[in-house]
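J.: have a look; sequence and predicted model below, questions after that.
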Amino acid sequence: MEVQITQIKNESAAAIIDLVLPIQQIEFKVAITLSDQPDLLDIDNVYYKNGGAFWGATSEGKLLGTIAMIKFSNNAVALRKMFVKKEFRGKELGLAQRLLENLIIHCKNNGIDHLYLGTVPVLQAALRFYERNGFQKMEKVDLPTQFPLMGGDSVFYQLSLK
């Protein structure tokens, strides 16, 4: 299966929502709705306006995974919306790894030295994935003051690219 990773914008909002919401609500039973995530309806402004980006992994026109970043200072970003459809997860395809590596290359090419993220404890496989990729767990109080917090997040990580 051939997978392309490309930047996506507002025109992909419906596909992004169709990917993300079922993973959050049905698969992981996270109490979050579309109204809790207005960024999904305004990708161009929320993600691209200050130098961030949003990528989609597609195959045969179908969205299989996403990853995004919000730039909140000259050299730091918040990693957001990292989701891969259940049937496309795992080491065989390495889709999550490819998405993350794509984002890291973009960061290094654009002078971004620090990646931060917030998530929820129920996403155990995601936590292990971040840790395998060198992310260090941190306390909420140690996040940069400009970090854009999401309401439900209670587990935080950072990765230095220096």
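T.: Nice, thanks for sending it over. Numbering: from 1, shown residues only.
J.: buried ones in stretch 89-105?
T.: 89, 93, 95-96, 98-100, 102-104 (16 or more other C-beta atoms under 10 Å). C-beta coordinates here come from the backbone N, C-alpha and C atoms, glycine included.
J.: so residue 95 touches residue 84, yeah?
T.: Yes - using C-beta atoms under 8 Å, residue 95 is in contact with residue 84, at 5.1 Å.
J.: got the contact list for the biggest helix by length in the chain?
T.: The single longest helix within the chain, with elements called by DSSP state H, is helix 95-109. Contacts with helix 95-109, where a contact means C-beta atoms under 8 Å, 6 or more residues apart in numbering, come from 3, 5, 53, 55, 57, 64-67, 69, 77, 79, 82, 84, 88-89, 91, 112-113, 115, 129, 133, 161.
J.: mind giving me the packing neighbours of the helix or strand of the chain with the lowest mean pLDDT?
T.: Least confident element among the helices and strands of the chain, by mean pLDDT, DSSP states H and E: helix 124-132 (a mean of 95). Applying 3 or more C-beta pairs under 8 Å, 6 or more residues apart in numbering; DSSP states H and E, we find helix 124-132 packed against strand 114-119, strand 155-160.
J.: pick the most buried one from the ones you listed.
T.: Counting by mean count of other C-beta atoms under 10 Å, strand 114-119 has the highest mean neighbour count of these, with a mean of 21.
J.: what lines up beside that strand in the sheet?
T.: Using DSSP bridges, the strands paired with strand 114-119 in its sheet are strand 76-84 (parallel), strand 155-160 (antiparallel).
J.: the longest one versus helix 95-109: what angle between them?
T.: Right, the one you point to is strand 76-84. 160 degrees (axes from the mean of the first three to the mean of the last three C-alpha atoms, to 10 degrees).
J.: now whichever strand or helix holds residue 65: mean pLDDT?
T.: Assigned by DSSP states H and E, residue 65 belongs to strand 62-73. For strand 62-73, mean pLDDT rounds to 98.
J.: quick one: list the elements packing against it.
T.: With contacts taken as 3+ C-beta pairs under 8 Å, 6+ apart, strand 62-73 sits against helix 13-22, strand 53-59, strand 76-84, helix 95-109.
J.: got a pLDDT number for the spatially closest residue to residue 29 that is not a sequence neighbour?
T.: Leaving aside its chain neighbours, residue 29 sits nearest to residue 122 (7.3 Å; criterion: C-beta to C-beta, 6 or more residues apart in numbering). As predicted, residue 122 sits at a pLDDT of 89.
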